[in-house]
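Novice: fold the following.
(one chain, ligands or ions: 1)
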Amino acid sequence: MQKLVVGNWKMYLTANQARSLAQICAAQLNDLCRENDIKLVLCPSAEAINGVVQAIADADALAVGAQDCASEQSGAFTGQVAAASLKEIGCAYVIIGHSELRVRGAESDDQLEKKLQQALAAELTPIFCIGETLQEKKADQTNHVIKEQLAPLKKAMASFKSLKKAYIAYEPVWAIGSGLVPDAPTIENVCAQLDQELQGYSDRVRYLYGGSVDADAARWLWQVPHLAGLLVGKASTDFQLLKKIVGYKQ
Ligand code: 13P
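Specialist: Below you'll find the predicted structure:
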């Protein structure tokens, strides 16, 4: 089954830098992705999307995703980007609920559900992020937090019966940018919980891991049976690291 590597470029690159990196990825990673049956999804910041879409136009193993979308279809929402616009300019995926936005923007469950609805209506494949904070982990609340965080996705999916696919990225907040990665059994436990919580959607939902994925972690993360791929932040802005991450999948 095809696996996904999602590069969340956050705000690390300018529009020109993003286009240049996308050109290199298109030229040098497309064959490797095809050999390893990987779809490489590049998620630049909004202003860089156009350039990245053009840069990967001839690379069929690559795709473009957005880092967020608006919770409304259109209207007086300064600074927001509509899911339909993202689709129009060539995005196929959208990250929703990233913890850097959940925390800063204090996104409510209602907003997240609406964002998912917008993404699904625009035929973007959502990459929905979940994961506990360090405090929640220490308090042994991971399972509880994950159950709660899944609510918007369950609601949105229930109203989109024709939905083809959604990805859930397990991204513990404490693992993002920290160099720490949970061990394989911990990730497997979360995936088993997701299987349980999402009974009835199992044919349409697949799981990614995110948080400090680098070349070393990718080596063993590719062996974790439940995972359909990796969500990579900082390391995905370094071409050599990204190449290794893609290349380590057997
Ligand atoms: P890092 O890979 O830089 O830890 O970021 C993970 C992330 O937030 C991807 O969405």
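Novice: what's the burial count for Lys138?
Specialist: 11 (other C-beta atoms under 10 Å). Every residue, glycine included, has its C-beta placed from N, CA and C.
Novice: can you list the low-confidence ranges for this structure?
Specialist: 103-106, 161-164, 250 (pLDDT under 70).
Novice: find the residue at the geometric middle of it.
Specialist: Centrality entry for the chain: nearest residue to the mean C-alpha point is Ile127, 4.2 Å, by C-alpha atoms, centre = their mean.
Novice: what about that one, distance to the ligand?
Specialist: To the ligand, Ile127 is 9 Å away according to C-beta to the nearest ligand atom, to the nearest Å.
Novice: same thing with Asp238?
Specialist: 11 Å.
Novice: all strands for this protein, in order.
Specialist: 3-8, 38-43, 62-66, 93-96, 125-130, 166-170, 205-210, 227-232 (DSSP state E).
Novice: need these in TSV (columns: distance to Leu153).
Specialist: Shown next, in TSV, are the strands of the chain (distance: least, C-beta to C-beta, whole Å):
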stretch	distance to Leu153
strand 3-8	17
strand 38-43	18
strand 62-66	17
strand 93-96	9
strand 125-130	5
strand 166-170	7
strand 205-210	8
strand 227-232	15
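Novice: can you name the residue of the chain nearest the ligand?
Specialist: Gly233 (2.2 Å; C-beta to the nearest ligand atom).
Novice: which parts of this protein sit against the ligand?
Specialist: 8, 98, 171, 176-177, 210-213, 231-235 (C-beta under 6 Å from any ligand atom).
Novice: can you tell me which of the residues you listed are buried?
Specialist: Buried members of the residues of the chain next to the ligand, scored by 16 or more other C-beta atoms under 10 Å, are 8, 98, 171, 176, 210-213, 231-235.
Novice: for the residues you listed, give me a markdown table that also has distance to Leu40.
Specialist: Output for those, formatted as a markdown table (distance: C-beta to C-beta, whole Å):
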| residue | distance to Leu40 |
| --- | --- |
| Asn8 | 12 |
| His98 | 19 |
| Glu171 | 18 |
| Ile176 | 20 |
| Gly210 | 15 |
| Gly211 | 19 |
| Ser212 | 19 |
| Val213 | 13 |
| Leu231 | 12 |
| Val232 | 10 |
| Gly233 | 15 |
| Lys234 | 16 |
| Ala235 | 13 |
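Novice: most widely separated two among these?
Specialist: Taking C-beta to C-beta, the two most distant members of those are His98 and Ala235; they sit 16.2 Å apart.
Novice: by residue count, which helix of this structure is the longest?
Specialist: helix 15-35 (DSSP state H).
Novice: so what's the residue nearest to Ala27 when sequence neighbours are not counted up against?
Specialist: Spatial nearest neighbour of Ala27, excluding adjacent residues (C-beta to C-beta, 6 or more residues apart in numbering): Ala59 at 7.9 Å. With contact set as C-beta atoms under 8 Å, 6 or more residues apart in numbering, Ala59 has these partners: 25-27, 29-30.
Novice: out of the residues you listed, which are buried?
Specialist: Taking 16+ other C-beta under 10 Å as the criterion, what is buried in these is 25-26, 29-30.
Novice: which one of these sits closest to Lys114?
Specialist: For the buried ones among the contacts of Ala59, the residue nearest Lys114 by C-beta to C-beta is Cys25; the value is 32.0 Å.
Novice: if I follow the layout properly, that closest one ends up in contact with Leu42?
Specialist: Yes - using C-beta atoms under 8 Å, Cys25 is in contact with Leu42, at 6.6 Å.
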